[in-house]
Structure formats: C-alpha cells, structure tokens
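[1] Coordinates for the following, if possible.
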Amino acid sequence: MTTERIDPPLAGDERTQLDSWLDYHRVTLAIKCEGLSAEQLRERAIPSTTLTLLGLVRHMTEVERSWFRKILEGEDAPDIYFSEHDRDADFNDLMSHEPAEVFELWRLEITRAREICEGRSLDELSKRIDERGELFSLRWIYLHMIEEYARHNGHADLIREAIDGAVGD
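    Model prediction:
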C-alpha cells in the first residue's frame, strides 16, 4: 500500500497552512517507513545513533500525545513508551510492541490531536504550563510540531537511505 501525501497549498489562511504542513510531515514519516520489514524498522542503520524508524514513530506518538492531549487539553494521559527508568525507551525498547501496533497507536494519537484542535482558535492557550509557569498557544504548538516532525523526518531520510538506499522527500 502506498501512502498518499498531499502538498500543502501555496496560499491559504493560517489555520489551513498549519494543518496542511503538519499533516504533510506526518505522512512523510509514514512514507519513510513504508515497505520495510519489522527488522528493518528496528534497525540502527547509522552506527553513531540509537535512532531507528520505529523509534521515531514511537517518539512522535509520545510527542503528539504530550502536546495535544496532556499540555493543550490537560488530559491525564500516561506515557506509552517512556518510563521513569528510561526516558528514551521509545528508542531503546523496540521489542516491546510490534510495528503494526506502534503505527496504530501513532494514528490514534494523530486522530485524537485533530479532534482536540477542531474548532479551536490558534490563540487559545494550553491548560498546562511550562517549567517557567507560562502557557502555550495552539499556534505555538502547531509550529513546534511541524518543527519536530521536520527535524525527525531528516533523521528518517538518513536512516532509510542507510537501510535500503531509498531516497526522496
């Protein structure tokens, strides 16, 4: 199955642009993982890092959950992969979940994030504060999520190329 990615519109209102760019980067990560075996998704293909494609999806699942459910919405949503003993368990404990389950959890968090954002103003503030006692606007969260995906999609590019030579945006 080939994942379809839609380019963000070249013109549009701010909300349309933010939604489109975030979805573009979400789909980009999915494309980077397409067609690989469970072993390849878990492969640490670049010796200098513990990053894997599966680890990146697990990480972004936690990031989606944290920013939209915990911080913006104020939900008491427990971590899925992180633990007190290993804050990098999303990258380190790759055998605890099968890839199909990881991708399903990621899709569920994306769906929940969309539901939470539906109809909200970009100026709406989060229900939880940062370490300085400040609130985040939904606009800031969108921009941060786009930056987070873009950075990790760069990692995914390198990992995928090291695994099987596949390149592309």
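
[2] Burial check on His152, number of neighbours?
    Residues lying near His152 (other Cβ atoms under 10 Å) number 23. Where C-beta positions appear, they are placed from N, C-alpha and C, glycine not excepted.

[3] Show me the helices in this structure, by range?
    Remark: helices assigned in the chain by DSSP state H are 14-33, 38-42, 53-64, 89-92, 99-117, 138-164.

[4] List the buried residues of the helix or strand of the chain with the lowest mean pLDDT.
    Every helix and strand of the chain was ranked by mean pLDDT, DSSP states H and E. The lowest is helix 89-92, at a mean of 85. Residues of helix 89-92 classed as buried by neighbour count (16 or more other Cβ atoms under 10 Å): Ala89, Asp90, Phe91.

[5] Need the mean per-residue confidence for the longest strand seen in the chain.
    When the chain is parsed with DSSP state E, its longest strand is strand 125-129. Over the span of strand 125-129, the pLDDT mean works out to 95.

[6] picking up where we left off before, between the buried residues of helix 89-92, which is closest to Ser20?
    Asp90 (26.5 Å; Cβ to Cβ).

[7] Could you list which residues are in contact with that closest one?
    Gly55, Arg58, His59, Thr61, Glu62, Tyr81, Phe82 (Cβ atoms under 8 Å, 6 or more residues apart in numbering).

[8] Let's check: the centremost residue of this structure is which one?
    By Cα atoms, centre = their mean, the mean C-alpha position of the chain lies nearest to Met60, the distance being 2.8 Å.

[9] tell me the mean pLDDT over stretch 74-84?
    90.

[10] My error: substitute stretch 6-19 in the last question.
    94.
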